[in-house]
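*Asks:* only geometry, no sequence info:
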Ligand code: BGC
């Protein structure tokens with residue numbers, strides 16, 4: 001830990017939420033893109049749909065006029081990327097409908113440069129989750145603040161068509177690995193996005209009906225082929241968990257936190273992946289030695305909060321706060337407990353020290369702090 005593991009005051013928690021918010025807004029590109037991490041070698045210059053959607057949700061939930069504007073500007077950026085690719089998306093949808101889906105390399109990218117291009121660096125690009133997540137985040141934002149979805153409606157409709165045509169395809173997971181599988185959290189993100197779009201008023205009745213039907217089919221797939229020992233699984237056909245499944249419970253609310261599957265999933269992730277409130281991504285993780293990710297600890301906190309366990313949720317927030325550096329930056333992961341210490345140096349040599357600050361970590365901290373009412377500082 002970079003800060004002494006002493007008990008933090010309510011004011012310190014609120015202040016970290018506040019500085020997190022200011023940091024995210026200060027780093028947002030004029031285009032609306034949120035850099036994943038401003039200086040980290042492998043991420044510099046790129047914004048992810050996945051990270052960005054959760055970041056936008058975080059600043060939206062914080063609720064000030066600047067937060068609302070910032071989230072909207074991110075959705076403008078997503079929308080511009082999608083509408084610029086309308087022909088491409090129609091080709092993907094048409095090919096799938098004809099029974100000859102386009103190859104993975106021709107599917108949409110997972111991250112884009114701030115000016116809306118794919119960029120020239122190789123990446124593990126075919127990932128479907130971010131397209132569901134941006135839909136979900138945009139609709140939540142619109143509902144939370146009575147913001148009109150009208151400017152983003154063409155992009156929403158394109159995204160819905162893309163996801164409906166392709167949701168059952170294997171693709172890279174949240175961690176940009178395992179492209180041969182269909183992942184539980186990816187399906188959950190897509191279902192959340194389609195459900196949100198269906199209720200948003202951005203689609204006509206027929207389109208809403210189809211989006212809801214696709215979401216129901218996805219959910220059915222998850223709870224039949226994607227469950228083992230009563231909990232959701234990392235991918236269809238394994239019995240392992242992955243901490244990204246927490247998002248499916250909260251904040252995405254695809255699986256109810258108090259349902260049998262919701263409770264069993266939170267319990268399995270806690271048992272297999274949480275060590276003293278610090279949450280690992282999955283067993284066998286070797287990235288930077290496989291440390292603990294504050295953004296996942298916050299997601300575990302959100303799942304506990306959704307299940308009504310406030311004390312457990314507060315413990316998660318406190319753990320995440322203690323990963324902040326003395327400059328109040330939250331990292332991607334900390335090395336307090338490594339799954340494979342022998343692998344850490346290899347990654348440091350390859351990409352430099354762990355991505356810090358990671359905007360997604362800050363956003364999840366804000367989101368959980370808001371959920372727990374821990375944003376009110378006497379200094380604010
Ligand atoms: C993580 C992704 C994330 C990206 C940018 C990668 O190391 O595996 O989940 O989207 O970093 O933060």
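*Replies:* All right, it came through fine. Quantities reported herein were computed from a predicted structural model and do not represent experimental measurements. Numbers count the residues shown, from 1 in each chain.
*Asks:* And for stretch 313-326, what's in contact with it?
*Replies:* With Cβ atoms under 8 Å, 6 or more residues apart in numbering as the test, stretch 313-326 has contacts from 1-3, 5, 7-8, 12-13, 16, 276-278, 292, 294-295, 297-298, 300-302, 304-305, 330-331, 334, 356, 361, 364-365, 368-369, 371-372, 374. Glycine gets a C-beta too; all of them are placed from N, C-alpha and C.
*Asks:* and these, which of them are in strands?
*Replies:* Among the contacts of stretch 313-326, the ones falling in strands (DSSP state E) are residue 278.
*Asks:* Which among the contacts of stretch 313-326 count as buried?
*Replies:* Buried subset of the contacts of stretch 313-326 (neighbour count, 16 or more other Cβ atoms under 10 Å): 8, 12-13, 16, 277-278, 292, 294-295, 297-298, 300-302, 304-305, 330-331, 334, 356, 361, 364-365, 368-369, 371-372, 374.
*Asks:* Report the separation between the two terminal residues of stretch 118-133.
*Replies:* One end of stretch 118-133 to the other measures 19 Å (Cα to Cα, to the nearest Å).
*Asks:* so for it, what's the average pLDDT?
*Replies:* What stretch 118-133 shows for mean pLDDT is 97.
*Asks:* next one: that stretch to chain centre, how far?
*Replies:* Centroid separation between stretch 118-133 and its chain, computed with Cα atoms, centre = their mean, to the nearest Å, is 13 Å.
*Asks:* for that stretch, which positions count as buried?
*Replies:* Per 16+ other Cβ under 10 Å, stretch 118-133 contains these buried residues: 118, 123, 125, 126, 127, 128, 129, 130, 131, 132, 133.
*Asks:* Would you mind measuring from the residue nearest to the third one when sequence neighbours are not counted to the ligand?
*Replies:* This means residue 125. Counting by Cβ to Cβ, 6 or more residues apart in numbering, residue 109 is the residue found nearest to residue 125 once chain neighbours are left out, at 4.7 Å. Look at residue 109 and the ligand: by Cβ to the nearest ligand atom, to the nearest Å, they are 12 Å apart.
*Asks:* Same check on residue 31?
*Replies:* Between residue 31 and the ligand the computed distance is 17 Å (Cβ to the nearest ligand atom).
*Asks:* Setting aside sequence neighbours, what's the nearest residue to residue 7?
*Replies:* Leaving aside its sequence neighbours, residue 7 sits nearest to residue 318 (Cβ to Cβ, 6+ apart; 7.6 Å).
*Asks:* ok, now which ones touch the closest residue to residue 364 other than its chain neighbours?
*Replies:* Nearest residue to residue 364, sequence neighbours excluded (Cβ to Cβ, 6+ apart): residue 298, at 3.8 Å. The neighbours of residue 298, taking Cβ under 8 Å, 6+ apart as the test, are 316, 317, 320, 361, 364, 365, 367, 368.
*Asks:* per-residue pLDDT, residue 298?
*Replies:* pLDDT for residue 298: 99.
*Asks:* Same question for the one 3 residues further on.
*Replies:* The predicted local confidence for residue 301 comes out at a pLDDT of 99.
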